[in-house]
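> No letters, just coordinates:
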């Protein structure tokens, strides 16, 4: 078990919506073993560029924080206090030469001490808002996919008997999305679902519920 020092703060996304995010300050609390995964979004670096580039980077950071905070079943850590022992750490940087931009992002997995995802975007600094929307959406989607895969791996390593109904359905959907050739495992899960809830003649498997 490890501890996080957290504080609730607000980030105003590009849509003007205030989204609650967690910062690294305040009272310390222990994470439970079954706590949702945490993602620390560190301040993005401006390696080179003017005030317009710095403004873009700030907007990207806020939009990505907001996009991740709207996802269900995860905790988002913001601020500049390091990763706070989070499960994942997202870093980003921007370099500018004239109107040309190179935006780089990397997601680190604390459990494996490795990169879970990395991407580079070469763009022109034309419409700042369009660029913010495009890049933030791409990054949030990429992080979401990696978190879903991580959640499935955790469910796959857990005995079906101790899983809740939503987790059983998520595990089933995870097999369809992430693995093939596991028809027997899927059948066993669905039989257990039917035993627990016989009135579900046709179990509905959500699109890998658990991380929205």
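Here it is on my side, so go on. The model shown is predicted, which means the values in this text are computed figures rather than measured ones. Residues are numbered from 1 along each chain as shown.
> Could you use CA atoms for every contact and neighbour count after this?
Fine.
> Which segments of the chain make up each domain?
For the chain, automatic domain parsing gives the domain ranges 3-151, 158-196.
> As CSV, those with mean pLDDT and mean neighbour count would be great.
Shown next, in CSV, are those (pLDDT from 0 to 100; neighbours: other CA atoms under 10 Å):
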stretch, mean pLDDT, mean neighbour count
domain 3-151, 81, 17
domain 158-196, 77, 16
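> Show me which helix runs longest in this structure.
helix 128-156 (DSSP state H).
> Packing partners of the helix or strand following it?
Sequence-wise, the next helix or strand downstream of helix 128-156 (DSSP states H and E) is helix 165-178. With contacts defined as 3 or more CA pairs under 8 Å, 6 or more residues apart in numbering; DSSP states H and E, helix 165-178 has these neighbours: helix 128-156, helix 183-196.
> which strands and helices sit next to the shortest one?
When you say that, I think you mean helix 183-196. helix 165-178.
> what inclination does the helix it packs on have with respect to helix 128-156?
110 degrees (axes from the mean of the first three to the mean of the last three CA atoms, to 10 degrees).
> Run the chain-centre distance for helix 165-178.
18 Å (CA atoms, centre = their mean, to the nearest Å).
> Name every strand pairing with the strand or helix carrying residue 119 and say which way it goes.
If you go by DSSP H and E, residue 119 is part of strand 114-124. Strand 114-124 pairs in its sheet with strand 100-109 (antiparallel), by DSSP bridges.
> coming back round to it: dump the helices and strands packed on helix 165-178 to a markdown table, plus distance to residue 77.
Output for the helices and strands packed on helix 165-178, formatted as a markdown table (distance: least, CA to CA, whole Å):
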| stretch | distance to residue 77 |
| --- | --- |
| helix 128-156 | 14 |
| helix 183-196 | 34 |
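> Residue 73 is nearest to which of those helices?
Of all the helices and strands packed on helix 165-178, helix 128-156 sits nearest to residue 73, with 10.1 Å by CA to CA.
> Which other helices and strands does that closest one contact?
By 3+ CA pairs under 8 Å, 6+ apart, helix 128-156 packs against helix 51-69, strand 114-124, helix 165-178.
> now the end-to-end length of stretch 77-97.
Its first and final residues considered, stretch 77-97 spans 31 Å by CA to CA, to the nearest Å.
> what's the offset of the strand holding residue 119 from the middle of its chain?
For strand 114-124 - counting by CA atoms, centre = their mean - the centre lies 15 Å from the chain centre.
> Stretch 143-160 too?
The answer for stretch 143-160 is 12 Å, by CA atoms, centre = their mean.
> among the helices and strands packed on helix 165-178, which is nearest residue 107?
helix 128-156 (7.4 Å).
> Which helix or strand contains residue 43?
Counting by DSSP H and E, residue 43 is found in no helix or strand.
> Quick check, it in contact with residue 82.
No. In this structure residue 43 lies outside contact range of residue 82 using CA atoms under 8 Å: 9.3 Å.
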